[in-house]
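# For reference, the sequence and a predicted model appear below.
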Amino acid sequence: MVDQHPGVAVYNPYVAPQYGPAVDPRLRGVVTPWHRKQSVRIVSAVLICAFISLCAIAMLLLLGNSFGIGVLTVAILAAFVPVPILVFALLWLDRYEPEPWHYLMFTFAWGAFVATLAALIINTTGSALVKDLTGQDATTTTAIFIAPPTEETAKAVPLFLMLFLVLIGRRVIHGVIDGIVYAGMAAIGFAFTENVLYFGGAYVEAADKGGGSDGLVALLTTFVMRAVMSPFAHPLFTSMTGIGVGLAAVTKSRAVRVLAPIGGLLLAILLHGTWNALATRQNLLLLGVGYLLIMIPLFIGLIVLAVWLRNKESRLVDTMLPVYVQHGWLTATDLTSLSTIASRRTARSTAHSYGGGYAAKAMQEFQLAAIKLALLRQSLVRGWASEDYGNQERELLSILVSRRQYVATAAARWTANHGRQYWGWAGYQGLHAPYADSGHWPRQGGPYNSRHGGVR
């Protein structure tokens with residue numbers, strides 16, 4: 001990207017920000033926890049990617065061997081149809097404080113390859129054991145009693161892993177919305193691969209009996225039932241686990257931290273088992289009644305809950321960031337521009353108009369850092385701040401300073417060239433770190449506590 005505004009410092013979005021000119025000296029001795037060290041992150045990422053890749057190759061070989069390349073390709077294309085719509089819905093829900101793309105990709109890939117492979121092995125083994133013990137077909141028993149706990153537990157693994165990171169101080173999940181989003185991504189990935197299995201299986205079974213045309217009809221029928229009528233089934237089930245994990249991530253109660261995730265998982269298993277029980281009856285009237293009386297109300301209720309929580313989350317700017325206005329890091333105009341998604345979009349568009357793409361990128365990172373700062377401040381106020389709170393706050397404040405400097409410089413340059421002020425930031429004088437200079441570090445109250453890096 002070429003900056004079209006000469007005289008403005010070139011902004012490189014891929015370079016880590018430098019700290020502001022004055023850092024609270026009380027934070028210089030804070031040690032970075034082991035789980036935030038770069039070496040730990042790199043090793044963890046490599047191991048996780050390798051494990052998921054092996055599972056993906058195993059699934060591809062199993063499905064390819066069962067269906068053949070041609071049928072597998074058609075099944076993959078059909079299974080992919082609802083994926084963008086469902087992912088877009090989750091990203092829309094998560095747009096106020098977007099989750100890191102690599103975490104979203106991790107949960108999706110886990111659901112698509114690891115969870116499906118584990119479920120396929122356990123369900124097949126369990127079905128064979130039940131058949132050997134009873135001497136009867138175990139399809140219904142597997143669908144109702146084996147598949148739901150197996151699949152929901154497999155999909156929940158990345159959520160529980162993220163909850164573990166939260167409990168040791170690396171806050172990946174900030175609330176129920178994050179739990180729903182990550183649960184939904186894992187479920188969408190799982191449903192994608194499972195649909196490939198069902199679509200390909202329906203085609204092969206029908207084609208063996210009546211030919212390719214019958215196979216296509218069977219695939220289309222299965223597509224309508226799974227991808228059109230109930231594409232949200234898996235995300236709905238697993239979102240119960242996500243709600244439980246989200247609640248556990250933001251509570252001080254040890255009982256809630258244990259019971260909420262377990263309760264969410266059990267509710268997900270119950271819903272999954274109930275839906276499978278209706279489906280295995282092969283009664284369209286019964287299935288339709290269950291769809292209208294159970295699935296649709298739950299789905300609407302989840303949407304209402306998610307939107308309400310997102311609106312509540314958006315008010316964090318008004319409740320958590322005024323302390324930074326008092327100390328000069330932000331202005332009242334900043335809070336207004338951060339309060340809604342529409343105002344944030346307008347601010348980015350304005351920055352782009354006088355500073356180009358780099359200014360818009362800097363504005364976007366300024367906004368995201370401010371939202372994360374509000375969430376971080378909430379953890380302090382509510383009592384679940386991690387031990388390296390001070391380091392995290394300092395890092396976010398340094399991003400605010402550096403991004404503000406760039407955008408304000410671009411605005412000042414535009415003003416100088418055009419002879420008039422374009423926007424509020426052009427006249428902003430606070431390009432330093434005010435309360436760091438004066439030695440005042442915003443706190444909730446009480447004496448300095450080194451456990452939280454200077455705040456309590």
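Structure's in. What do you need?

# helix/strand/coil for Arg171?
coil (DSSP: H, G, I helix; E, B strand; the rest coil).

# Count the residues that sit near it.
Using other CB atoms under 10 Å, Arg171 has 22 other residues around it. The C-beta positions use only the backbone N, C-alpha and C, and glycine is treated the same way.

# swap in Leu380?
Counted with other CB under 10 Å, Leu380 comes out at 19.

# Go ahead and confirm it touches Gln392.
No: the pair Leu380 / Gln392 is not scored as a contact, 10.1 Å apart, by CB atoms under 8 Å.

# Look up how far Asn195 lies from Ser213.
Computed as CB to CB, to the nearest Å, the Ser213 to Asn195 distance reads 21 Å.

# do the same with Gly169
The spacing between Gly169 and Asn195, counted by CB to CB, is 38 Å.

# Next: Ile300.
If you go by CB to CB, the gap between Ile300 and Asn195 works out to 23 Å.

# more neighbours, Ser213 and Asn195?
Neighbour count, other CB under 10 Å: between Ser213 and Asn195, Asn195 has more, with 24 against 10.

# residue contacts, that one?
Contact analysis of Asn195 by CB atoms under 8 Å, 6 or more residues apart in numbering lists Ala75, Ala78, Ala79, Arg226, Ala227.

# quick one: which of those residues is most hemmed in?
Comparing these by number of neighbours (other CB under 10 Å), Ala75 comes first, having 25 neighbours.

# Now the helix or strand containing Ala279: buried residues?
In this assignment (DSSP states H and E), Ala279 forms part of helix 254-280. Buried residues in helix 254-280, counted by 16 or more other CB atoms under 10 Å: 257, 260-261, 263-265, 267-269, 271-279.

# and what of stretch 318-326?
By neighbour count on 16+ other CB under 10 Å, the buried set for stretch 318-326 is Met320, Leu321, Tyr324.

# Any idea how far the helix or strand encompassing Ile48 is from the middle of the chain?
Under the criterion of DSSP H and E, Ile48 resides in helix 38-67. How far helix 38-67 lies from its chain's middle: 20 Å, per CA atoms, centre = their mean, to the nearest Å.

# Need the mean per-residue confidence for it.
Mean per-residue pLDDT for helix 38-67: 93.

# what does the following helix or strand past that helix contact?
As assigned by DSSP H and E, the chain's next helix or strand after helix 38-67 is helix 69-80. Under the contact criterion CB under 8 Å, 6+ apart, helix 69-80 has outside partners 63-64, 67, 192-193, 195-197, 199-200, 203-204, 215, 219, 223, 227.

# From those, list just the buried residues.
Buried members of the contacts of helix 69-80, counted by 16+ other CB under 10 Å: 63, 67, 192-193, 195-197, 199-200, 203-204, 215, 219, 223, 227.

# tell me the contacts of the residue lying closest to Leu90 once chain neighbours are set aside?
Leaving aside its chain neighbours, Leu90 sits nearest to Gly184 (4.7 Å; criterion: CB to CB, 6 or more residues apart in numbering). Counting by CB under 8 Å, 6+ apart, Gly184 touches Leu86, Leu90, Pro235, Thr238, Ser239, Gly242.

# How about the first one: what's its closest non-neighbour residue?
Counting by CB to CB, 6+ apart, the nearest residue to Leu86 once its immediate chain neighbours are dropped is Ile188, at 4.9 Å.

# Assign a three-state SS to the one you found, would you?
Going by three-state DSSP: Ile188 is helix.

# Grab the nearest non-local neighbour of Leu247.
Leu247 sits nearest to Ala260 (CB to CB, 6+ apart), 4.2 Å away.

# tell me the contacts of the one you found?
Per CB under 8 Å, 6+ apart, neighbours of Ala260: Ile243, Gly244, Val245, Leu247, Ala248, Thr251.

# Secondary structure element holding the fifth one?
Yep, that's Ala248 we're talking about. helix 233-249.

# ok so, going back, sticking with the residue nearest to Leu90, tell me its helix or strand.
helix 176-210.

# what angle do that helix and helix 254-280 make?
Orientation check (axes from the mean of the first three to the mean of the last three CA atoms, to 10 degrees): helix 176-210 against helix 254-280 gives 20 degrees.

# For the following helix or strand past helix 176-210, give me every contacting residue.
Using DSSP H and E, the next helix or strand after helix 176-210 towards the C-terminus is helix 212-223. By CB under 8 Å, 6+ apart, the residues outside helix 212-223 that reach it are 71, 74-75, 78, 81, 198-200, 202-207.

# With that, I have no additional questions.
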